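J.: Provided below are the primary sequence and the corresponding predicted coordinates.
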Amino acid sequence: MAMETILSDLSVSMTEFKKNPNEALRESGGRAVAVLSHNKPAFYMVPPERYEAMLEELDDLALVRLVKERQSEKSVEVSLDDL
């Protein structure tokens, strides 16, 4: 039997989620919830604020990678008047 990691402290069955998704969201207190189908994660319910924070974090990580890639590039001096 293969075991799957549930990447959330909270979980709800698909049956309970379908009965009242708003209740599951309210009870989550803003945390991510694993929605389980046959005791395996089918998807994760993430409140809008949490999702936005996740996207911002991903953008920040992409910028960090870009900065690291460009650190070895030769810099060009430019005056503000030239811009």
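T.: Yes, it's here. Residues are numbered from 1 along each chain as shown.
J.: Not including adjacent chain positions, what is the nearest residue to the most centrally placed residue in the chain?
T.: Residue closest to the mean C-alpha point of the chain, counted by Cα atoms, centre = their mean, is Met54 at 3.8 Å. With sequence-adjacent residues excluded and distances taken as Cβ to Cβ, 6 or more residues apart in numbering, Met54 is closest to Val46, at 7.1 Å. Using the backbone N, CA and C atoms, a C-beta is placed for each residue, glycine as well.
J.: Spit out the contact partners of the one you found.
T.: Val46 sits next to 32-33, 54 when contact means Cβ atoms under 8 Å, 6 or more residues apart in numbering.
J.: Tell me how far it lies from Arg26.
T.: Between Val46 and Arg26 the computed distance is 14 Å (Cβ to Cβ, to the nearest Å).
J.: Would you mind identifying the next helix or strand past the helix or strand of the chain with the lowest mean pLDDT?
T.: Between all helices and strands in the chain, the lowest mean by mean pLDDT, DSSP states H and E belongs to helix 21-28, at a mean of 93. Under the assignment DSSP states H and E, the closest C-terminal helix or strand after helix 21-28 is strand 33-37.
J.: which helices and strands does that following strand pack with?
T.: Packing contacts for strand 33-37, counted by 3 or more Cβ pairs under 8 Å, 6 or more residues apart in numbering; DSSP states H and E, involve strand 10-13, helix 14-19, helix 21-28, strand 40-45.
J.: Take that strand, keep the C-alpha atoms, and write them as CSV.
T.: Provided in CSV are the C-alpha atoms of strand 33-37 (Å, rounded to 0.1, in the frame of the first residue of the first chain):
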residue,chain,number,x,y,z
VAL,A,33,-7.5,22.2,4.1
ALA,A,34,-6.9,18.8,2.3
VAL,A,35,-10.1,17.5,0.7
LEU,A,36,-9.8,13.7,0.8
SER,A,37,-11.3,11.2,-1.6
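J.: quick one: average pLDDT of that strand?
T.: Throughout strand 33-37, pLDDT has a mean value of 97.
J.: Going forward, the N-terminal residue is numbered 37.
T.: Done: numbering now begins at 37, and the last item shifts to strand 69-73.
J.: Give me the residues contacting it.
T.: Taking Cβ under 8 Å, 6+ apart as the rule, strand 69-73 contacts 42-44, 46-50, 53, 60-61, 77-82.
J.: No further questions, thank you.
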